[in-house]
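Colleague: Sequence first, predicted coordinates after that:
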Amino acid sequence: MEQKNENLLFNYKKSVMQTPKGLILFFHGLGSNKDDLIGLAPYFKDYDLYSFSAPVRVSRRLNIKCCSWYTWERDFDLSQDNLHELECLQNQILSIIKDNPLYQNGAPICTFGFSQGGVMAIHIARCIPVHKAMILGSFYPLEYLTESAILISEIFIGHGERDLIVPFYYAQKLHTHLKQLSTIKKIVYSLYPDLGHTISEKQMEDIIYFLKN
């Protein structure tokens, strides 16, 4: 079901289960929208799902208008202006999910981000505790990843070794850095040899196993 909060469009899909396990927040890649990752809903029947559309911004890097979680100016980096953009979005998202009874009752919150959406899936843990984060084909500037700033209990990092958009060594760097943070209780790091910048069935199988264990 499409809904809108201020300028933030999102799809909401209620779990078919009588007692859902929690919430999953989906964040799409650059240029996509809320209708993309919600297509993965059949994998997550035990959860209430929110799939958000990033605001339309002018990408100075690509010189086009597209849905983007922040103004993309530099490859795989965040400026102070970008941080402000992300913080504004995380506050809007919190205002959306806070009315969900699952959130009010302390149910686990999980995030799922692909490509640039992985940045948002990690960054929102600066304002709400994330039980499980699932990051595919993505990155995050390491200088902003500290124990006091990021509230993530468990994280899945999946990346295709043939990814030419976001090279897989960004996943390697993220994995190495996160291992140093004592606040993260579990890290699952998976590389997929024949995969490019996309989501595969094998990744989804691994993610479902990660959610259940």
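Modeller: Structure received.
Colleague: where does residue 16 sit relative to residue 38, distance-wise?
Modeller: Using Cβ to Cβ, to the nearest Å, we find residue 16 at a distance of 14 Å from residue 38. The way it works is simple: take the backbone N, C-alpha and C, and place the C-beta from them, glycine included.
Colleague: Settle it for me: which of the two has more neighbours?
Modeller: Of the pair residue 16 and residue 38, residue 38 is the one with more neighbours under other Cβ atoms under 10 Å, namely 20 against 9.
Colleague: Need the pLDDT of that one.
Modeller: You'll see residue 38 listed with a pLDDT of 96.
Colleague: Got phi/psi on it?
Modeller: When read as degrees, to the nearest 10, the backbone of residue 38 gives phi -60, psi -20.
Colleague: which residues sit in contact with it?
Modeller: 11, 13, 26, 49, 51 (Cβ atoms under 8 Å, 6 or more residues apart in numbering).
Colleague: packing partners for the strand ranked longest in the chain?
Modeller: When the chain is parsed with DSSP state E, its longest strand is strand 152-160. Strand 152-160 sits against strand 130-136, helix 169-178, strand 186-192, helix 201-212, with contacts defined as 3 or more Cβ pairs under 8 Å, 6 or more residues apart in numbering; DSSP states H and E.
Colleague: Tell me which of these lies nearest to residue 146.
Modeller: Counting by Cβ to Cβ, residue 146 lies closest to helix 169-178 out of the helices and strands packed on strand 152-160; the figure is 9.9 Å.
Colleague: got the CA positions of that closest one in PDB?
Modeller: These are the backbone C-alpha positions of helix 169-178, laid out as PDB (Å, rounded to 0.1, in the frame of the first residue of the first chain):
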ATOM      1  CA  TYR A 169      36.800  -4.300  -1.800                       C
ATOM      2  CA  TYR A 170      34.500  -1.800  -0.200                       C
ATOM      3  CA  ALA A 171      32.700  -4.700   1.400                       C
ATOM      4  CA  GLN A 172      36.000  -6.100   2.500                       C
ATOM      5  CA  LYS A 173      37.000  -2.800   4.100                       C
ATOM      6  CA  LEU A 174      33.600  -2.600   5.800                       C
ATOM      7  CA  HIS A 175      33.900  -6.100   7.100                       C
ATOM      8  CA  THR A 176      37.400  -5.600   8.500                       C
ATOM      9  CA  HIS A 177      36.400  -2.400  10.200                       C
ATOM     10  CA  LEU A 178      33.200  -3.700  11.800                       C
END
